[in-house]
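Enquirer: got a predicted structure plus its sequence, pasted below:
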Amino acid sequence: MATDDGPLDPNRLTPEQAAKLLSAAAKQRIPLELLERDLASGAPHASDGTLSLVNYAAWLVKEMGRGD
């Protein structure tokens, strides 16, 4: 996992890093609580709590297809 001093690995981000990166990309705040809620709802993550942006994005698309 990358530290604040080194490059980020998009395949091994902490939820905090992912929220910060997604916020910068979306140009709007993505709250950490949103990612934590998604993780609790089944979003894929590693046993150390890190997540892959690609796997997370795929999970989000799948969830969008489910409807409400």
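Expert: Noted; the coordinates are in hand. Numbers count the residues shown, from 1 in each chain.
Enquirer: by contact count, what packs against the longest helix seen in the chain?
Expert: Longest helix of the chain, by residue count under DSSP state H: helix 53-66. Contact partners of helix 53-66 among helices and strands, from 3 or more CB pairs under 8 Å, 6 or more residues apart in numbering; DSSP states H and E: helix 15-26, helix 32-40. For glycine as for every other residue, the C-beta is placed from the backbone atoms N, C-alpha and C.
Enquirer: right, and those helices - which one's nearest L51?
Expert: Nearest to L51, of all those, is helix 15-26, at 5.9 Å by CB to CB.
Enquirer: distance between the closest one and the chain's centre?
Expert: 7 Å (CA atoms, centre = their mean, to the nearest Å).
Enquirer: stretch 23-40 now?
Expert: With CA atoms, centre = their mean, you get 7 Å for stretch 23-40.
Enquirer: and if you look at stretch 39-46?
Expert: 9 Å.
Enquirer: what comes up buried for the longest helix of the chain?
Expert: Neighbour-count burial for helix 53-66, counted by 16 or more other CB atoms under 10 Å, picks out 53, 56, 59.
Enquirer: how far off helix 15-26 does it point, in degrees?
Expert: Here the directions of helix 53-66 and helix 15-26 differ by 70 degrees (axes from the mean of the first three to the mean of the last three CA atoms, to 10 degrees).
Enquirer: from here on, call the first residue 48.
Expert: Got it, the first residue is 48 from now on, which makes the last one we talked about helix 100-113.
Enquirer: what pLDDT, on average, does helix 100-113 get?
Expert: Mean per-residue pLDDT for helix 100-113: 94.
Enquirer: now stretch 79-95
Expert: pLDDT averaged over stretch 79-95 gives 96.
Enquirer: start and end of it, how far apart?
Expert: 17 Å (CA to CA, to the nearest Å).
Enquirer: just how off-centre is that stretch within its chain?
Expert: 7 Å.
Enquirer: likewise stretch 101-115?
Expert: For stretch 101-115, the distance to the chain centre is 12 Å (CA atoms, centre = their mean).
Enquirer: circling back: which one of the helices and strands packed on helix 100-113 lies nearest to R113?
Expert: Using CB to CB, these put helix 79-87 closest to R113, at 13.2 Å.
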